[in-house]
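*Asks:* could you work out the structure for the sequence below:
(4 chains)
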There are 2 protein chains.
Amino acid sequence: MDLDIASVARLTGVTSRTLRHYDAIGLLSPAWTGHDGRRHYGETELLRLQHILVLRELDVPLETIASIVDTDDPTLTAALMRDHHVALLAQRDRFAALAETVERTLTRLEKGLPMTSDEMFEGFDHERYEPEARERWGDDAVARSNAAWTGMSPEAQRAHVAEHEAVADALARLAAADADPASDEVQALVARHHAWVSLFWAPGREAYAGLGRMYVDDPRFRATYDKHGDGTAELLRDAIAVYAEGLPE
Amino acid sequence: MDLDIASVARLTGVTSRTLRHYDAIGLLSPAWTGHDGRRHYGETELLRLQHILVLRELDVPLETIASIVDTDDPTLTAALMRDHHVALLAQRDRFAALAETVERTLTRLEKGLPMTSDEMFEGFDHERYEPEARERWGDDAVARSNAAWTGMSPEAQRAHVAEHEAVADALARLAAADADPASDEVQALVARHHAWVSLFWAPGREAYAGLGRMYVDDPRFRATYDKHGDGTAELLRDAIAVYAEGLPE
DNA sequence: GGTAGAAGTTGACGTCGCGTCAACGTCAAG
DNA sequence: CTTGACGTTGACGCGACGTCAACTTCTACC
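*Replies:* Model prediction:
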């Protein structure tokens, strides 16, 4: 896939100016730049852009968005996306509440009835900023946005990240040695991986296997594991496929 | 009702800074200012503020908001509010669509399936800017926002406004002469008023009577008619009450 | 090969809706 | 009569682009 700036603009609804802006501030760089300076975008960039736009819909500042989409941990990313899904539903409900308030005001006006001043403003800003939104996207959204993650102490958070790195490193070494995905050594690592994932999200059999496939199929997620060593993502995928058979649902 | 700036802020969720800003740009002036310069707000201001906030939720620029809420034509105002109600519902649906898109992306990612680039961006900006929103709140929202109004030629629009003025003037003269609301002369004018209203909105018996009461009860709307002569709003209300009995529903 | 037009490029400045800070005035309570 | 809460008026700052301007490059057609 090779799209120029206008194609991306048409596809996504953002202007080319916006894409140039995102390049300028380092939020979204093109896949490559022609010798003439023209920007070219690939699939990875489109995925990243979708992620960015979801967050932008929620009025997350671009700087915060950058720190979120730069998180190269795929499971955390997935968890955050689920979180954004919840936020979108909240926005939907907020506008529904507003519509109702306005409707009430209208019918009361039509009937010539007065309203109390509290009643008039039900559903306005109270829903928007209390109690979550402000806290939620305030300073460091990555460290706050997921409930499980938020509940952890900073040390626990660091330990958690380190655990993931350790698993990935060990997997990379076994991948280099061409280990069997079903072997006990590998399966023990997958168990640790599954425990790690479970803090954010408790996937069933199908979902966990799907996550494994995503690690290979999505270039952005694949890079996360393969930077520890070539073949790591594939080994993890295959090992997860075996491990997943033992899961419920 | 006499509220200071902090009360209004608490009630509505906007900051006092915002209220001062709205005063500075002439969007919302306080009812009166104390000898010490402190701002005091009344019921009229709260109504106006709610109107402003509804429009702000829809991302209408403040300048446009000003031209909308300054329209001192009550029926057009009511029609616009109904329009805003529709827009709020549209926003609600837009976020619902976004949530669905994200959900689809998530499940596909979990299953490791790819998506087409079109699919990925379904529900993003296409809904937001096409085909209505941009045109709708573009330059002169007052002259565009109502469907019926938009369809009229500029000359027809001017004629329409003039008709309303003529009716109000005639009513004011009859009010000064202490005319009977049920008299043929007055009822003929109400018939013209009803025809005028019907272009924006076809009220039933109850709704039209309610509109009449609103003309007296709401000070902002009352002023619109009483500027033609004292007692005009009351005469219109009583005359509408009589006229409404002959309406269906 | 020449040229027009469409679409890209990089600065640079403008805009909107306030937030935020500074410096100061005023009021009610202790 | 001070203290502290809350108000006031400037003035500047900012985030996310829009909007020129001046220039280069690609493609199409003669």
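
*Asks:* contact residues of chain A facing DNA strand C?
*Replies:* Chain A has residues A:4-6, A:16, A:20, A:37-39 near DNA strand C, with proximity defined as CB under 7 Å from any atom of the strand. (C-beta placed from N, C-alpha, C; glycine too.)

*Asks:* against B:Gly13, how distant is A:Val60?
*Replies:* With distances taken as CB to CB, to the nearest Å, A:Val60 is found 20 Å from B:Gly13.

*Asks:* domain assignment for chain A?
*Replies:* Chain A breaks down into these structural domains: A:3-57, A:74-151, A:154-244 (assignment by automatic domain parsing).

*Asks:* ok, of the ones you listed, where does mean pLDDT dip lowest?
*Replies:* Note on the domains of chain A: lowest mean pLDDT is at domain A:74-151, with a mean of 60.

*Asks:* so the closest residue to DNA strand C within chain A is in which element?
*Replies:* Residue of chain A nearest DNA strand C, by CB to the nearest atom of the strand: A:Ala6 (2.8 Å). Assessed by DSSP states H and E, A:Ala6 sits inside helix A:5-12.

*Asks:* is chain B contacted by the helix or strand following that helix?
*Replies:* Beyond helix A:5-12 in the direction of the C-terminus, DSSP H and E gives the next helix or strand as helix A:16-24. No. Using CB under 8 Å from any CB of the partner chain, helix A:16-24 stays clear of chain B, with a minimum separation of 10.5 Å.

*Asks:* next, the angle helix A:5-12 makes with helix A:16-24.
*Replies:* When axes from the mean of the first three to the mean of the last three CA atoms, to 10 degrees is applied, the directions of helix A:16-24 and helix A:5-12 differ by 110 degrees.

*Asks:* what residues does helix A:16-24 touch?
*Replies:* Surrounding helix A:16-24, the residues in contact under the criterion CB atoms under 8 Å, 6 or more residues apart in numbering or on different chains are A:5-6, A:8-9, A:28-30, A:39, A:52, A:62.

*Asks:* now stretch A:213-221: how far from the chain's centre is it?
*Replies:* 14 Å (CA atoms, centre = their mean, to the nearest Å).

*Asks:* in three-state terms, label A:Val60 for me.
*Replies:* Three-state secondary structure (criterion: DSSP: H, G, I helix; E, B strand; the rest coil) places A:Val60 in coil.

*Asks:* and A:Gly37, that one's in a strand?
*Replies:* No. According to three-state DSSP, the state of A:Gly37 is coil, so it is not within a strand.

*Asks:* how near is it to B:Ser198?
*Replies:* If you measure A:Gly37 against B:Ser198 using CB to CB, the figure is 60 Å.

*Asks:* pick out the most distant pair among the residues of chain A next to DNA strand C.
*Replies:* Put simply, by CB to CB the two of the residues of chain A next to DNA strand C set farthest apart are A:Ala6 and A:Gly37, 14.9 Å from each other.

*Asks:* who's more crowded, those two?
*Replies:* Looking at A:Ala6 and A:Gly37 with other CB atoms under 10 Å in any protein chain shown, you find the greater number of neighbours at A:Ala6, namely 10 against 6.

*Asks:* how about the more buried one: what's its closest non-neighbour residue?
*Replies:* Take A:Ala6 and drop its neighbours on the chain: the residue closest to it by CB to CB, 6 or more residues apart in numbering or on different chains is A:Ser16, 6.2 Å away.

*Asks:* same thing with A:Ile52?
*Replies:* Taking CB to CB, 6+ apart, and ignoring the residues beside it in sequence, A:Ile52 has A:Ile65 as its nearest neighbour in space, at 5.6 Å.

*Asks:* residues touching the one you found, list them.
*Replies:* Contacts of A:Ile65 were listed using CB under 8 Å, 6+ apart, and they are A:27, A:52, A:55-56.

*Asks:* just the buried positions in the helix or strand hosting it, please.
*Replies:* Taking DSSP H and E as the definition, A:Ile65 sits inside helix A:62-69. Burial within helix A:62-69, assessed by neighbour count using 16 or more other CB atoms under 10 Å in any protein chain shown, is assigned to A:64-66, A:68-69.

*Asks:* kindly report the same for stretch A:185-194.
*Replies:* A:186-187, A:189-190, A:193-194.

*Asks:* for those, which one is nearest A:Thr101?
*Replies:* A:His194 (46.1 Å).

*Asks:* which parts of chain A sit against DNA strand D?
*Replies:* Of all the residues in chain A, those lying near DNA strand D are A:14-15, A:17-18, A:21, A:34-37, A:56, A:61-63, going by CB under 7 Å from any atom of the strand.

*Asks:* most surrounded residue in those residues?
*Replies:* With neighbours taken as other CB under 10 Å, the top of those is A:Val14, carrying 21 neighbours.

*Asks:* that residue and A:Val8, how far apart?
*Replies:* Plainly put, A:Val14 is 8 Å away from A:Val8 if you go by CB to CB.

*Asks:* what sits in contact with each of these two?
*Replies:* A:Leu49.
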